[in-house]
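Enquirer: sequence and predicted structure, then a few things I'm wondering about:
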Amino acid sequence: MAVKPVLGLDIGSNSVKLCQLKPTKQGWQLLSLGVAPLPHEAIVDGALMNSGAVVDAIMELVATNKVREKNAAVSISGHSVIIKKIPMSQMSMEELEESIRWEAEQFIPFDIEDVNIDVQIVREETEMANQMEVVLVAAKKDMINDYTSVVVEAGLNPLICDVDVFAVQNMFEHNYPNYGDNTIAIVNIGASNANINVVAGGIPTFTRDISFGGNQFTEELQKELGISYDEAETVKHGGPDADAIANKNNAERILEGVSETFSMELQRSLEFFSATSTERPLSKIFLSGGSSHLKSLQTVMSHKLGLPIEVIDPFKNINLDHQGVDREFIKNVGHVAGVAVGLAMRAPGDRYL
């Protein structure tokens, strides 16, 4: 376990999530968790349209939670990030790091000069003689710079830039260690994107981002019910004023319709995985992110895909007995904290996986 972990900072389309963990002999302990909303369309398709609002949100979270730690880990996702599992000739990690830049060019649809690259060996031997499997990660430098710049402007030191799917997997493996031998899909549903990560035997085997997230539920409620964005968010999350804003049956029908569309998108991706993979069949789907708690989505997805669905508890194996930790707050917002928790488990010098 890392001696001095960093501050987990998940900069999402709808909100910024902050998580600080402390390693103890008994495991991780939560020191602080905070969620600060962002103005609508402050971030669009991963692009920072209102950097000032993001900086303000980070500073508010640091101040409110009385955080002293300055070193932070952030993460990115979307079309500016490429993740590929590729076969390569067996070599040491040092040799791999020297050669991967040239190997990567054939797998990356961007100019090699415009991206940062990282790589990790996931299988040192395969069925092919003298072959190994590696995961290649490439991310556009301008996107990384945008995200790290707002962290710096907020007075923090961005030491690590991770990828959403790996941050969530990191969190999942700590909280659900008994699934190491299974093939499962972890689906993180953000406001504008959903990240799919099929993990087989603890190794990320298939990753994909879908341009579909919680905003689609909100926008459909707005359109069908003729209500504002804020009202639609209240209806979607079942807030105390939801019944006064819209008829419950109408709202459920709309949410089920969007859930059906999302489930079809997910099904196509998982069918592609099944058709091209030699791994064991999927046994379960785990959900995290802002819309993961929607009952209509869980029901429709389970029926459509024929698999059990479970919402991840990012704090399942984390000690919450720290002064100032609000268990009721964690119960209400914990499902959105998966990326931030996974980032908070990172430390300088860690690999992605």
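Expert: Looks like it arrived, so ask away.

Enquirer: the stretch 51-200 of the chain: strands as residue ranges?
Expert: Using DSSP state E, counting those that start in this stretch, the strands found in the stretch 51-200 of the chain span residues 71-76, 81-89, 115-123, 131-140, 157-163, 183-189, 194-200.

Enquirer: which among the ones you listed is found nearest to residue 286?
Expert: Smallest distance to residue 286 across the strands of the stretch 51-200 of the chain (CB to CB): 5.0 Å, for strand 183-189. Just so you know, the C-beta spots here come from the backbone N, C-alpha and C atoms, and that holds for glycine as well.

Enquirer: could you dump the closest one to PDB, C-alpha only?
Expert: The C-alpha trace of strand 183-189 is given here as PDB (Å, rounded to 0.1, in the frame of the first residue of the first chain):
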ATOM      1  CA  THR A 183     -15.200 -12.000 -16.500                       C
ATOM      2  CA  ILE A 184     -17.300  -9.000 -15.500                       C
ATOM      3  CA  ALA A 185     -18.200  -5.600 -17.100                       C
ATOM      4  CA  ILE A 186     -17.700  -2.400 -15.100                       C
ATOM      5  CA  VAL A 187     -19.900   0.300 -16.600                       C
ATOM      6  CA  ASN A 188     -19.200   3.800 -15.300                       C
ATOM      7  CA  ILE A 189     -22.100   6.100 -16.300                       C
END
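
Enquirer: helices and strands around it, which ones?
Expert: Applying 3 or more CB pairs under 8 Å, 6 or more residues apart in numbering; DSSP states H and E, one finds that strand 183-189 contacts helix 164-175, strand 194-200, strand 284-289.

Enquirer: switch those over to JSON lines; also include distance to residue 158 and mean pLDDT.
Expert: Output for the helices and strands packed on strand 183-189, formatted as JSON lines (distance: least, CB to CB, whole Å; pLDDT from 0 to 100):
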{"stretch": "helix 164-175", "distance to residue 158": "14", "mean pLDDT": "95"}
{"stretch": "strand 194-200", "distance to residue 158": "20", "mean pLDDT": "94"}
{"stretch": "strand 284-289", "distance to residue 158": "22", "mean pLDDT": "96"}
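
Enquirer: turn those into a markdown table, including mean neighbour count and distance to residue 250.
Expert: Below are these laid out as a markdown table (neighbours: other CB atoms under 10 Å; distance: least, CB to CB, whole Å):
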| stretch | mean neighbour count | distance to residue 250 |
| --- | --- | --- |
| helix 164-175 | 24 | 33 |
| strand 194-200 | 23 | 25 |
| strand 284-289 | 23 | 25 |
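
Enquirer: want to throw these into JSON lines with distance to residue 154?
Expert: Converted to JSON lines, the helices and strands packed on strand 183-189 look like this (distance: least, CB to CB, whole Å):
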{"stretch": "helix 164-175", "distance to residue 154": "19"}
{"stretch": "strand 194-200", "distance to residue 154": "24"}
{"stretch": "strand 284-289", "distance to residue 154": "23"}
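
Enquirer: can you say which of those is nearest to residue 277?
Expert: With CB to CB, the closest approach to residue 277 among the helices and strands packed on strand 183-189 belongs to strand 194-200: 7.7 Å.

Enquirer: one step back: looking at the strands of the stretch 51-200 of the chain, which is closest to residue 49?
Expert: Short answer: strand 71-76, nearest of those by CB to CB, at 15.5 Å.

Enquirer: for the chain, identify the residue most remote from the centre.
Expert: residue 129 (35.0 Å; CA atoms, centre = their mean).

Enquirer: from residue 89, how far off is it?
Expert: Residue 129 sits 10 Å away from residue 89, taking CB to CB, to the nearest Å as the criterion.

Enquirer: swap in residue 217?
Expert: Distance, residue 217 to residue 89, using CB to CB: 47 Å.

Enquirer: who's more crowded, the two?
Expert: Using other CB atoms under 10 Å as the criterion, residue 217 and residue 89 rank with residue 217 on top: 28 against 12.

Enquirer: show me the contacts for that one.
Expert: By CB atoms under 8 Å, 6 or more residues apart in numbering, the contact list for residue 217 reads 236, 255, 258, 291, 294.

Enquirer: of those residues, closest to residue 46?
Expert: When those are compared for distance to residue 46 (CB to CB), residue 291 wins out at 17.5 Å.

Enquirer: domains of the chain?
Expert: Following automatic domain parsing, one finds the domains of the chain at 1-80+140-176+313-353, 179-311.

Enquirer: so who does the nearest residue in space to residue 199 that is not next to it in sequence touch?
Expert: In space, not counting the residues next to it along the chain, residue 199 is nearest to residue 184; the distance is 5.7 Å by CB to CB, 6 or more residues apart in numbering. Taking CB under 8 Å, 6+ apart, we find residue 184 in contact with 198, 199, 282, 283, 284, 285, 286.

Enquirer: can you check the pLDDT for the third one?
Expert: Pointing back at residue 282 there. We have a pLDDT of 94 for residue 282.

Enquirer: that one touches residue 308, doesn't it?
Expert: No: under the criterion of CB atoms under 8 Å, residue 282 makes no contact with residue 308, lying 10.1 Å away.
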